[in-house]
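> with the sequence up front, the predicted model follows.
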Amino acid sequence: MKVHFISIGGSVMHQLAIALKRKGYTVTGTDDEIFEPAKTNLEKEGLLPASTGWDTGMITTDIDAVILGMHAKADNPEIQKAKALGLKIYSFPEYIYSESADKIRVVVGGSHGKTTTTSMIMHVLKQTGVLFDYLVGAKLDGFEQSVNITNAPIIVCEGDEYPASVLEKRPKFHFLFPHIAILTGIAWDHINVFPTFEIYLEQFRIFIDKIEPGGLLIYNETDIVLKDLVDLHNRADIRYQPYNLPPCTIVDGTTSVRIGNTTGSLKVFGNHNLLNLHAAWYACKEVGVSEEDFVKAIGSFTGAAKRLEVIAKNDRTIVYRDFAHAPSKVKATIEAVKQQFPDRKLVAVFELHTYSSLNEQFMKEYNGAMDKADAAVVFFAKHALELKRMPDLPKEKVYEGFNKKGLLVISDKNELDAWLRNQDFNNTNLLLMSSGNYDGLDTIAFAKKITG
């Protein structure tokens, strides 16, 4: 096989390129900018393009597949030549399906918890010796890459509802056709792509229709929107497995869970993680993992990167960072830390960084999301608005949207830095939630300073 990547420098694209090269394929690729760590990773594998920019000379008739990244624009000259030559052009998920057509496909979808649930399944399968391929949206301990394609009989995929490519606007998870599907919950997101809730909801109806006949849908019955969707959109040719919170206890800051007749302690915590774990259990059970093996394996799971990740701690303070940006994620993450450490003050700092979160019209969706925090800050950078070519976000609209007594809204990183340095973090946990970097503020150094 000979494959060519347009936008090979993407965070997931470059990892697929490496996986295919290791499988024995001839791999080429181009991009107009490649950043770290993709640059070094590609260079180590001999896949770094000799120069940046697009090169139509690399688009030749002997290419079996052109794989298109999200970064490439519709007028890309390589795309135009590939079309003219009649080459097969794949979006990322379309290509993943082509490589896994003969595999058992496990796909995790939903507005929140996809990465963690996918990671839990991967961790358990690895610990129990099951061979599988995978696609996940974060770095996970024990896995060199976030994508792997071999000849394994199973593939575990995180199923994103964002568009597949500039040519294929349908959501990524519509192209994976699962045998085992998970839906973790539905909470409106990506309003730049799905301008109404009904349009967003329709994507999940379509996902259910894509499940292979005889397949299994594992769904979170505690999510009312999702439960109503499943009840109204029922297929007679697939099986349904609802899940909810499994039995659990918290003793001295450690959570234990019971699956069937087996109990074990966990390194992760929070109701959202317990829900994710329960979904992962049903998926693992479907591929032959016993409850005893599952509980033993999940006990060593430490979480995916930037999902309630501990970045610094001492006996009196823990600093977490989390990728949370959607309202449901912010609320679940705050409540998890507060439930785990009810006697500690919780300082929560949330950065508005995505298109949806910076949109004035979306702000009301955050109503109550930070209520359980003892001290709460919402930060946004004017620079982020400029990069996304968005209008100014009035602070009063943020206050109104969150509706949190005592909330601070800050739009200058120096002001945020000064506020953080003025806090007493004794017997206090600090939760940093962002898909950005607080306009360049060195939060890692600050976390180490207050716990050092």
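Looks like it came in fine.
> report pLDDT for N273.
Turning to N273, the model gives it a pLDDT of 93.
> who's in contact with it?
For N273, the contact set (Cβ atoms under 8 Å, 6 or more residues apart in numbering) comprises T116, L266, G303, L308, A336. C-beta here means a position set from N, CA and C on the backbone, and glycine is covered the same way.
> most neighbours among the residues you listed, which one is it?
T116 (30 neighbours; other Cβ atoms under 10 Å).
> secondary structure element holding the nearest residue to that one once chain neighbours are set aside?
Nearest non-adjacent residue to T116, counting by Cβ to Cβ, 6 or more residues apart in numbering: N276, 4.8 Å away. Assigned by DSSP states H and E, N276 falls within helix 271-286.
> report the buried residues of that helix.
By 16 or more other Cβ atoms under 10 Å, the buried positions in helix 271-286 come out as 272-286.
> do the same with stretch 416-423
By 16+ other Cβ under 10 Å, the buried positions in stretch 416-423 come out as L416, D417, W419, L420.
> do the same with stretch 298-309
I298, F301, T302, G303, A304, K306, R307, L308, E309.
> in helices, which of those residues fall?
With helices taken from DSSP state H, the overlap with the buried residues of stretch 298-309 comprises I298.
> quick check, nearest of the contacts of N273 to N437?
L308 (18.0 Å; Cβ to Cβ).
> from F269, how far out is the closest one?
According to Cβ to Cβ, to the nearest Å, L308 stands 8 Å off from F269.
> what about A348, how many residues close to it?
That count, for A348 with other Cβ under 10 Å as the rule, works out to 27.
> element containing the residue most central in space within the chain?
What sits nearest the mean C-alpha location of the chain, by Cα atoms, centre = their mean, is T115, with 4.2 Å. Here T115 sits within helix 114-127, counting by DSSP H and E.
> give the next helix or strand downstream of that helix.
Trace forward from helix 114-127 with DSSP H and E and the next one is strand 133-135.
> sorry, back to before: quick one: which of the buried residues of helix 271-286 is nearest to L20?
Of the buried residues of helix 271-286, the one sitting nearest to L20 (Cβ to Cβ) turns out to be A283, at 25.6 Å.
> OK, contacts around the closest one?
Residues counted as contacts of A283 (Cβ under 8 Å, 6+ apart) are V106, V108, I121, V156, I180, I182, I218.
> got any ranges where this protein has weak pLDDT?
Along the chain, no part satisfies pLDDT under 70.
> and the nearest residue to G53 once chain neighbours are set aside, how far from S165?
Spatial nearest neighbour of G53, excluding adjacent residues (Cβ to Cβ, 6+ apart): D32 at 5.5 Å. Distance, D32 to S165, by Cβ to Cβ: 16 Å.
> next one: H233
27 Å.
> and the helix holding T115, how far out from the chain's middle?
Averaging C-alpha positions (Cα atoms, centre = their mean, to the nearest Å) puts helix 114-127 13 Å from its chain's average.
> now do stretch 426-438
What separates the centre of stretch 426-438 from the centre of its chain is 18 Å, taken as Cα atoms, centre = their mean.
> list the buried ones in it?
For stretch 426-438, by 16+ other Cβ under 10 Å, it's T428, N429, L430, L431, L432, M433, S434, S435, G436, Y438.
> wait, a helix at the fourth one?
No - secondary structure assignment places L431 outside any helix; it is strand (DSSP: H, G, I helix; E, B strand; the rest coil).
> residues contacting it?
So L431 contacts V319, Y320, R321, D322, T333, I334, V337, L346, V347, A348, V349, A373 (Cβ under 8 Å, 6+ apart).
> re the thing from before, and H233 and S165? Which one has more around it.
Between H233 and S165, counted using other Cβ under 10 Å, the more crowded position is S165 (24 against 13).
> ranges for the strands of the stretch 351-452 of the chain?
Remark: strands assigned in the stretch 351-452 of the chain by DSSP state E, counting those that start in this stretch are 375-379, 408-410, 428-433.
> strand partners (parallel or antiparallel) of the longest one?
I take that to be strand 428-433. Here strand 428-433 is paired, per DSSP bridges, with strand 317-322 (parallel), strand 345-351 (parallel).
> and the first one, by the same measure?
Strand pairing for strand 375-379, determined by DSSP bridges: strand 345-351 (parallel), strand 408-410 (parallel).
> those strands into a markdown table, with extra columns for distance to L47?
Shown next, in a markdown table, are the strands paired with strand 375-379 (distance: least, Cβ to Cβ, whole Å):
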| stretch | distance to L47 |
| --- | --- |
| strand 345-351 | 33 |
| strand 408-410 | 42 |
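> which one of those is the most hemmed in?
Stretch with highest mean neighbour count among the strands paired with strand 375-379: strand 345-351 (a mean of 24; mean count of other Cβ atoms under 10 Å).
> for that strand, output the C-alpha coordinates as CSV.
Extracted in CSV, the C-alpha atoms of strand 345-351 (Å, rounded to 0.1, in the frame of the first residue of the first chain):
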residue,chain,number,x,y,z
LYS,A,345,-11.8,24.4,50.0
LEU,A,346,-12.0,24.1,46.2
VAL,A,347,-10.7,26.9,44.0
ALA,A,348,-11.8,26.5,40.3
VAL,A,349,-10.4,28.4,37.4
PHE,A,350,-12.0,27.9,34.0
GLU,A,351,-10.8,29.4,30.7
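> chain center to that strand, what's the gap?
21 Å.
> make 51 the first number, not 1, from now on.
With 51 as the first residue, the last one maps to strand 395-401.
> what's in contact with that strand?
When contacts are defined by Cβ under 8 Å, 6+ apart, strand 395-401 is touched by residues 374, 380, 384, 387-388, 420, 422-431, 466, 470, 473, 475, 477-486, 488.
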